[in-house]
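A.B. asks: Just to be clear, the model below is a prediction. Sequence and coordinates:
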Amino acid sequence: MSFSIIQHQAHIPPQFIWPDHERPCAEAPPPLDVPPIDLAGFMSGDPEAVANAARLIDQACRRHGFFLVVNHGIDADLIARVHSSTDLFFSMPVAEKEKAMRKPGDHCGYASSFTGRFSSKLPWKETLSFRYSADPNLPDIVQTYFSQTMGEDYSAFGRVLQEYCEAMSGVCLKVMEVLGVSLGVGADCFRDFFVGNESIMRLNYYPPCQQPEVALGTGPHCDPTSLTILHQDQVGGLEVYVDQKWHSITSNPHAFVVNIGDTFMALSNGIYKGCLHRAVVNSAAARRSIAFFLCPKTDKVVSPPQQLLSQGNNPRLYPDFTWPALLEFTQKHYRSDMKTLDAFVAWLNQRPTLN
Ligand SMILES: C=C1C[C@]23C[C@H]1CC[C@H]2[C@]1(C)CCC[C@@](C)(C(=O)O)[C@H]1[C@@H]3C(=O)O
Ligand SMILES: O=C(O)CCC(=O)C(=O)O
Ligand SMILES: [Fe+2]
């Protein structure tokens, strides 16, 4: 089922129609007051800038887990090249895109409308996801993926995305320093945990939809990953559920939208919260968003720093786990939503123990 056919029909197929209580708001939702974290200010070491960044990120992460990062130092031309690469890929003929077709159970590759994964509440989007590794022995992992999957013509395409992932990994490590300071465990604690990250990059493409009032580009969920660095194009459509109602996050090309995921919620022993969010579509313009999902190295055990447990009455909320186990759960057993971590822990507990 490809959007090039669906989007020209008068009505969208029933699999893309969401239940009443999950549909977009009839009125445009109010904007969420998302604090801008001055990353260069924090990194300068100026005590006031460091304290201000830590305070703003702490307030946001205790409340909804979303904040903006500005003065991030990422070249605007690189961001523009990633957006144009996204347009280039999704404008390709279906047969060309399907060279990168996502395989069942794998999180990488090209997926359109997710018909192979879900039978209802299908998201109105096409996605292209691929691995990034900060391992210095894998300096061209992204470029190699595209050359091998799509052919040597895609080497330059892969180079742009490789460069962008390296930049995103750097921004994530700086944000982890701020999070470490704001949680009182020190700038190095989470930075050291994620320095060898094995992350996921995803290009989201949302075609115009003839019935945007009953569809969703991405359904309500909390990212199961650790931290998400998202760049929205000027169309906008990202919404966050705070204080029992949906809020929009205004598009700002100079800022990255950053949010806490389930894995970091577990690392912070629930002090910082992942938050329900979704993406709405529209009938006039296609929308793109570029999402970098920070994930720890596969052998890292997700367990909160001791300091967070010894501070007063703060019992462990989640058992130790590894990211690959949670990822497999989301790919093979459970559609990520707002209860993914609880469902994951229940799944872990019911598995037969190897004696
Ligand atoms: C590890 C991941 C699974 C998803 C992509 C990344 C992080 C976010 C997850 C997702 C976007 C949450 C909503 C449901 C989902 C199926 C989707 O709409 O794309 C999720 C992704 C996935 O499982 O492919
Ligand atoms: O497209 C967006 O703005 C949000 C996408 C998202 O939440 C995701 O891919 O996890
Ligand atoms: Fe998300």
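C.D. replies: It's in. What you are looking at is a predicted structure, and each value in this text was computed from that prediction instead of being measured. Residues are numbered from 1 along each chain as shown. Ligands and ions are numbered 1, 2, ... in the order given.
A.B. asks: switch to C-alpha atoms for all contacts and neighbour counts from now on
C.D. replies: Fine.
A.B. asks: tell me, how many neighbours does Gln59 end up with?
C.D. replies: Other residues lying near Gln59 total 16 when counted by other Cα atoms under 10 Å.
A.B. asks: do Met338 as well
C.D. replies: Other residues close to Met338 by other Cα under 10 Å number 18.
A.B. asks: what sits against it?
C.D. replies: 220-222, 275-276 (Cα atoms under 8 Å, 6 or more residues apart in numbering).
A.B. asks: just the strands in the stretch 101-250 of the chain please.
C.D. replies: 109-112, 126-133, 198-206, 218-221, 227-232, 238-242, 245-248 (DSSP state E, counting those that start in this stretch).
A.B. asks: My read is that Glu198 contacts Lys297, right?
C.D. replies: Yes. Counting by Cα atoms under 8 Å, Glu198 does reach Lys297; the two are 5.1 Å apart.
A.B. asks: Let me see the confidence value for the residue in the chain that ligand 2 sits nearest to.
C.D. replies: Relative to ligand 2, the nearest point of the chain is Leu238 (4.1 Å; Cα to the nearest ligand atom). Confidence at Leu238, expressed as pLDDT, is 98.
A.B. asks: which one is Ala156 nearest to, not counting chain neighbours?
C.D. replies: In space, Ala156 comes closest to Gln143 once its chain neighbours are excluded; the distance is 7.8 Å by Cα to Cα, 6 or more residues apart in numbering.
A.B. asks: And Glu152, by the same measure?
C.D. replies: Phe146 (7.9 Å).
A.B. asks: which residues touch that neighbour?
C.D. replies: 152, 154-155, 157-158.
A.B. asks: which of those are buried?
C.D. replies: 154-155, 157-158 (16 or more other Cα atoms under 10 Å).
A.B. asks: Reformat those as JSON lines; add distance to His72 and pLDDT.
C.D. replies: Converted to JSON lines, the buried ones among the contacts of Phe146 look like this (distance: Cα to Cα, whole Å; pLDDT from 0 to 100):
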{"residue": "Tyr154", "distance to His72": "28", "pLDDT": "96"}
{"residue": "Ser155", "distance to His72": "27", "pLDDT": "95"}
{"residue": "Phe157", "distance to His72": "23", "pLDDT": "97"}
{"residue": "Gly158", "distance to His72": "23", "pLDDT": "98"}
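A.B. asks: Kindly reformat the residues you listed as a markdown table containing distance to Gln331.
C.D. replies: Compiled in a markdown table, the buried ones among the contacts of Phe146 are given as follows (distance: Cα to Cα, whole Å):
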| residue | distance to Gln331 |
| --- | --- |
| Tyr154 | 27 |
| Ser155 | 28 |
| Phe157 | 27 |
| Gly158 | 25 |
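A.B. asks: Let's see the pLDDT reported for the residue nearest to Ala156.
C.D. replies: At Gln143, pLDDT is 97.
A.B. asks: now Met92
C.D. replies: 96.
A.B. asks: That one in helix, strand or coil?
C.D. replies: coil (DSSP: H, G, I helix; E, B strand; the rest coil).
A.B. asks: What separation do you get for it and Thr149?
C.D. replies: 15 Å (Cα to Cα, to the nearest Å).
A.B. asks: Likewise for Arg202?
C.D. replies: 16 Å.
A.B. asks: Comparing these two, which shows the higher neighbour count?
C.D. replies: With neighbours defined as other Cα under 10 Å, Arg202 and Thr149 compare such that Arg202 has more, 21 against 16.
A.B. asks: which one is the residue in the stretch 151-300 of the chain positioned nearest to ligand 1 nearest to, not counting chain neighbours?
C.D. replies: When distances are taken as Cα to the nearest ligand atom, the stretch 151-300 of the chain reaches nearest to ligand 1 at Asp223, 4.5 Å away. Excluding the flanking residues, the one nearest Asp223 by Cα to Cα, 6+ apart is Gly261, at 4.7 Å.
A.B. asks: show me what contacts that neighbour?
C.D. replies: Neighbours of Gly261 in contact, by Cα under 8 Å, 6+ apart: 222-228, 273-275.
A.B. asks: residues from this structure in reach of ligand 2?
C.D. replies: Contacts of the chain with ligand 2, taken as Cα under 6 Å from any ligand atom, map to 223, 237-238, 278-279, 289.
A.B. asks: give me the number of residues near Gln306?
C.D. replies: The burial count for Gln306: 9, using other Cα under 10 Å.
A.B. asks: ugh, wrong one, Ser91
C.D. replies: Counted with other Cα under 10 Å, Ser91 comes out at 13.
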